[in-house]
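Undergrad: take this sequence and fold it.
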Amino acid sequence: PPSPSPYKGLSAFQEPDAPHFFGREALAEKLTQVVYQRPLVAIIGASGSGKSSLVFAGLIPRLRQLGWQVVSFRPGNRPYFRLAEQLIPLLEPLLSETDQLVEISKLAIALQQQNLTLTDISDRILQKSPQSKRLLLVADQFEELYTLCETGNVEETVRSQQRFLDELLRTVERSQNFTLVLTLRADFCEHALAYRPFAEALGHFPPELLSPMTRQELQAAIEKPAIAQGIHLAEGLTKRILNAVDASPGQLPLLEFALTLLWEKQSNGCLTHAAYDAIGGVEQALAGYAEQVYSALPSAAQRQAQQIFIQLVHPGEGTADTRRLATRREIGNHWTLVNHLADKRLVVSRQDEATGEEIVELVHEALIQEWQQLRQWLEEDRSFRIWQERLRSTIRQWETSQRDQGALLRGATLLEAEHWLHDRQPDLSATERQFVSASLELQTQEQNLRDRLRRRRVWGLSSGLATALFLVGMTTWQWHRAEVVQANAQLNTLSTSSMELYNSGKELEALLASLRAGRQLGWIFSENPETRARVVTSLQQIVYGIREYNRLDGHDRTVIDIAFSPDGELLASASDDKTVRLWQRDGTWLKTLEGHSSNVRSVSFSPDGQTLASASDDKTIRLWQRDGTAIGVLAGHQDKVNSISFSPNGELLASASADGTVKLWHRNASGEPITLSGHTGWVLSVSFSSDGQTLASAGVDGIRVWKLDGSLVTFLPVPNNLVSISFSPDGQILAAAHKDGTVQLWTRQGETLEPIPTPIEAHSDRVWRVSFSPDGQTFATASADNTVKLWRLDGTSIKTLQGHSGPIYSVSFSPDGDILASASADQTVRLWHPDNLQPITFQGHQDRASDLDYSRDGQMFATAGADKVAKLWRADGTQLAIFKGHQERVHSVSFSPDGQAIATASADGTIKIWTLEGSLLQTLEGQTTLRDVSFSPDGQILAAAAEDQTIKVWQRSGSGEFFANPVQSLSGHSDHVVVVSFSPDGQTLASSSDDETAKLWRRVSNGRFAPDPITTLSGHTSAVKDVSFSLDGQTLATGSLDGDVRLWRRNGTPLLELKGHQSRIGNVAFSPDGQTLASSSIDGKVMLWSLDGSLLSTLKYNSSQKDSSIAGLSFSPDGQTLAASTGEGKVILWNLNLDDLLARSCSWVWDYLHTNRRLNEGDRTSATLPPARTVGTPDEPAFVDGDRLDWRHSPYSR
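TA: Residues are numbered from 1 along each chain as shown. Predicted coordinates:
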């Protein structure tokens, strides 16, 4: 047998393989010099470019010879544990393996909770090894931080990643004899650069970009390992191999794998051409070998192998697929097969040192790219695997929360999970099945609870309803009619008033008014359909747009400052009424702290949340316990105390005063404070950096940055413009609020601050305060122009929050970032959710989703895409089927009237008819691009809009199939025909065209159409992109690129022009009751109109990409949902269900209704009790007695 191979197959070279590592010697020497000069070295290269091999077989052996201590780890899905399990053997080398596991867990938790720093640990390691000069920490395959480190909550995942990065960066900054080397795949650079501190670090310490190996380097990598063992390559073989390896870096693993197979086939000390041909060359070696191993398995084992392999790949969403670690629990009962595949070198299995669990991964990502069978499996299972990875993230959150019911699935996500549980149960682990089952069980319990509550309400209503019916029988028809008219008028007024309130920034008042209208709508005797549409659309717009969710009323004068406790459960407010008030997170007032003799300017909680400090114009600082008990008074300033802030460790309290000084006080009030002098006038604001090493102060003369011993680090002159300053959570950005309405951001460069060149033009009046979100990615500004604004770090405006009636002096995020509090001269504190509710939105297609159509029963809808496919979905957005077969983009999709088939029209000139399962039934030839397709209501005719200026008509034959070729081509348009639409009775066909007209065609007795149009609808000044009939068939709507919607009688008489869109119109759709018309434009706006031309509501799709156009638009048959497809392939489901909107409204205002002291009882009652029908007279309403509904436990609670 041949001697052990010097080639590594798909594995990276490790330290013991250094004698066989050739080709990168010069680069390894260069890196050896670089790590002495930089504390951070990022090696970035494509997958398969040899990053890990370069570090482990090239760099590390050289550094060990120079006296370096080395620690290496991969982040995996728990980066703190992965790091700790490599550190403990160096910190505690004498511990037993069991004791080391315990210490690994302890160290990981200490690092995660920041009770211990990596800086401390690196120092201890070097102290334990005096002969070691420096410590090298290698973070290999650093992209795992972004692909595997997930918590189930996107925001928490990002925060967790950033905390880990912060720990590494702090160590890079502080440790003297420490270097961090990380290897990162190039396609994950965007993830790395998304976090500003990391991006800045990479800017300060430029990465080493790993370029492809030269031909000379590759020759060395091929020949020298063999020569070192006395083996030679046949003449010309090296050249053949080099010619087969192109310049792409991903070829290296394929080369190594081919050489490994070639080594096994050596003959008489020679690697031969025959052996090279036998393995299929570099190009086919890997794929051929994998296929050979797979094909040799029994059929049952092949299915098991497929399940194993797809579990070892993390499906990319916008990035390439990557390998992932899978646990034995996830693989299930197939571990024997895993061992077999490991013996065949396709996977690598081992025991997780942190958990003791057996884990497995693909031997290399090249297997994903090169093995076609695996690629095929991944494409077939992509939707399932993406969902499964998301499910696993959610399960991790569930297990972290001790399996709290609040972390279970609900709503659409549960429907999707139920679908996959039914379809793919064998591919789910026991834990995954248990989690979905627990969610379904909870759903059943909650539904039973709702049913009981409903029965109790109905029982309570029965006696009142009987009385009401008796009284109705005693009144005249005229009185009833007048009552209905009056009730509808009142609802219209209330709904209109709610929108006026909303547009003026009075969000809570608007929601209450709309909520009252919605509740009353269900209890009037006969609502006007137009009234219902107005009420529902107004409520929908407010529910999905509102951000203010509570208001704290209690202070008698201006509220100057606010602060959350570190646990987010308390809020303190400081006021000119000389008091501090403590509030619970839900808005419940707890206590008023009295003691100051003048205005209270600032409040600050200690990091442990047990102490509250308040600063006042009375020149003092008062300390309070968390429950409001007074602790003591800090006196020493000679003038007003304008601002206070606790240091990150809680030991110091900084204060800024109008006496021109900053003082540092010990928290226990012992000893004299340190006084920092230097400002030439008032000091307005103080802020500690997150590392607690520096303090910034803002005065009328500018910004000063101090060390805590009182020495000045830097001074930035900003004369007569500063108001306040604030450090970002990572301490790398300092934000300054200015009198002129601007915000200036400064980046921290060592001990200096560098301004970001262009100040942000933030407000029209003075900016009082800047506050960063906990993740440091956004900040909020409070201004004298009565608004709060949210911003990204690049200065992009996100949202303006309106509602305060006076200047806003302070703004603060809760520690979890879920709440933004603002304090104002209007004597209130307002609580906002930075993110408002969003309609269900999901990616339907990889390119433009050009059309959308509901089935008649409303249980499904279908979409057509420019990605050449159509798709079938459940009403909740769960994908059911995909229709593949068209050669060009699919423009249109239409359900047959019986709901059993779907027709698609394509740019490839064909219409295809499919079963709902995705099987192709028939292909109809149109000979030109087909833009739209529509079934007649009786299902006997298919009409298609064609780009050759005709309408193609197909008719069913006696067999039930359609004739393959059109039976008619209707001519009359002078440009592309865009849309065809049948009247509800099927006797008229409408067509719209780029020739600026729509035409109506009459169906004749033989089932075909008269050759000439009945009438032409003229008036638009640009292409008519859509035409639609109302439910009764008597009204048509057209939408045009001229920006107008027009209504017409069926005979062609113009009725109305609806003007309001500022952009070209693409779609029009009538609601099922015929009372509302929806129109969409390419700017992402959908407008809802009453048929008298009144604009009811505007829905907006906010795209993160360039194409925000609405491409398809359709009401569900019950009118409860308006669905849209977009230019970037997404599907949006706007909720128009009154009961659901009412539930969401009640959930949103629950805290406000139950904690705000200035609301009257009528406001509370109208939003928590459904009023019964009136009895006696309309002036004396009767209300149902009984239980209040607790909407906090509704499925719509946030």
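Undergrad: kindly list the main-chain dihedrals of the most far-flung residue of the chain relative to its centre?
TA: Most distant from the centre of the chain: Asn268, at 60.4 Å, with distances by Cα atoms, centre = their mean. For Asn268, the backbone dihedrals (degrees, to the nearest 10) come out as phi 50, psi 50.
Undergrad: Phe861 too?
TA: Taking degrees, to the nearest 10 as the convention, Phe861 sits at phi -140, psi 160.
Undergrad: how close does the nearest residue to it once chain neighbours are set aside get to Phe895?
TA: Setting aside the residues directly before and after it, Phe861 is nearest to Tyr854 in space (Cβ to Cβ, 6 or more residues apart in numbering), at 4.6 Å. Heads up, the C-betas are built off the backbone N, CA and C, glycines and all. Computed as Cβ to Cβ, to the nearest Å, the Tyr854 to Phe895 distance reads 7 Å.
Undergrad: joint contacts of the two?
TA: Residues touching both Tyr854 and Phe895 (Cβ atoms under 8 Å, 6 or more residues apart in numbering): Met860.
Undergrad: what's the mean pLDDT across the one helix or strand Ala226 maps to?
TA: If you go by DSSP states H and E, Ala226 is part of helix 215-227. Helix 215-227 shows a mean pLDDT of 93.
Undergrad: one more: stretch 273-285?
TA: 83.
Undergrad: export only the CA atoms of that stretch, formatted as PDB.
TA: Extracted C-alpha coordinates of stretch 273-285, given in PDB (Å, rounded to 0.1, in the frame of the first residue of the first chain):
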ATOM      1  CA  HIS A 273      -1.500   9.600 -16.700                       C
ATOM      2  CA  ALA A 274      -3.600   6.400 -16.600                       C
ATOM      3  CA  ALA A 275      -4.500   6.900 -13.000                       C
ATOM      4  CA  TYR A 276      -5.300  10.600 -13.600                       C
ATOM      5  CA  ASP A 277      -7.700   9.500 -16.400                       C
ATOM      6  CA  ALA A 278      -9.200   6.900 -14.100                       C
ATOM      7  CA  ILE A 279     -10.200   9.400 -11.400                       C
ATOM      8  CA  GLY A 280     -11.800  11.700 -14.000                       C
ATOM      9  CA  GLY A 281      -9.200  14.400 -13.700                       C
ATOM     10  CA  VAL A 282      -9.500  17.500 -11.500                       C
ATOM     11  CA  GLU A 283     -12.800  18.400 -13.000                       C
ATOM     12  CA  GLN A 284     -14.700  15.100 -12.200                       C
ATOM     13  CA  ALA A 285     -12.800  13.600  -9.300                       C
END
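Undergrad: pull out the buried residues from it.
TA: 275-276, 279-282, 285 (16 or more other Cβ atoms under 10 Å).
Undergrad: over to stretch 681-694?
TA: Across stretch 681-694, burial judged by 16+ other Cβ under 10 Å covers 682-690, 692, 694.
Undergrad: before we move on, what about stretch 635-643?
TA: 636-637, 640-643.
Undergrad: surely the residue nearest to Phe861 meets Gly899?
TA: No. Contact criterion Cβ atoms under 8 Å: Tyr854 and Gly899 do not qualify, at 9.9 Å.
Undergrad: quick one: common contacting residues for these two?
TA: Taking Cβ under 8 Å, 6+ apart as the criterion, Tyr854 and Gly899 both touch Met860.
Undergrad: please name the nearest non-neighbouring residue to Pro755.
TA: Nearest non-adjacent residue to Pro755, counting by Cβ to Cβ, 6+ apart: Trp746, 5.2 Å away.
Undergrad: who touches the one you found in this structure?
TA: Contacts of Trp746 by Cβ under 8 Å, 6+ apart are 703, 716, 733-736, 753-756.
Undergrad: any stretches of the stretch 301-450 of the chain with poor pLDDT?
TA: For the stretch 301-450 of the chain, the stretches with pLDDT under 70 are 317-320, 343, 345, 351-356, 411-412, 450.
Undergrad: those strands in it, which residues are they?
TA: Along the stretch 301-450 of the chain, counting by DSSP state E, counting those that start in this stretch, strands occupy 313-314, 322-323, 326-327, 347-351, 358-362.
Undergrad: contacting residues around the third one?
TA: With Cβ under 8 Å, 6+ apart as the contact definition, strand 326-327 has outside contacts at 308, 311-312, 352, 357-361.
Undergrad: partners of that strand in the sheet?
TA: strand 358-362 (antiparallel) (DSSP bridges).
Undergrad: equivalent analysis for the first one, please.
TA: Here the strand partners of strand 313-314, with direction, are listed using DSSP bridges: strand 322-323 (antiparallel).
Undergrad: JSON lines for the buried residues of stretch 681-694, including pLDDT?
TA: As requested, the buried residues of stretch 681-694 are exported to JSON lines (pLDDT from 0 to 100):
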{"residue": "Trp682", "pLDDT": "91"}
{"residue": "Val683", "pLDDT": "95"}
{"residue": "Leu684", "pLDDT": "95"}
{"residue": "Ser685", "pLDDT": "96"}
{"residue": "Val686", "pLDDT": "97"}
{"residue": "Ser687", "pLDDT": "97"}
{"residue": "Phe688", "pLDDT": "96"}
{"residue": "Ser689", "pLDDT": "94"}
{"residue": "Ser690", "pLDDT": "93"}
{"residue": "Gly692", "pLDDT": "92"}
{"residue": "Thr694", "pLDDT": "93"}
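Undergrad: report the two of the residues you listed separated the most.
TA: Using Cβ to Cβ, the two most remote members of the buried residues of stretch 681-694 are Trp682 and Ser690, lying 26.1 Å apart.
Undergrad: circling back: taking the buried residues of stretch 273-285, tell me the two that lie furthest apart.
TA: The distance between the two most remote of the buried residues of stretch 273-285 (Cβ to Cβ) is 13.0 Å, for Ala275 and Val282.
Undergrad: thinking again about what came up before, need the buried residues of stretch 273-285 in CSV (columns: secondary structure and distance to Leu440).
TA: Listed next are those as CSV, based on DSSP: H, G, I helix; E, B strand; the rest coil; distance: Cβ to Cβ, whole Å:
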residue, secondary structure, distance to Leu440
Ala275, helix, 57
Tyr276, helix, 57
Ile279, coil, 51
Gly280, coil, 49
Gly281, helix, 53
Val282, helix, 51
Ala285, helix, 48
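Undergrad: circling back: so which of the contacts of Trp746 wins on neighbours?
TA: Neighbour counts for these peak at Ala736, which has 27 neighbours (criterion: other Cβ atoms under 10 Å).
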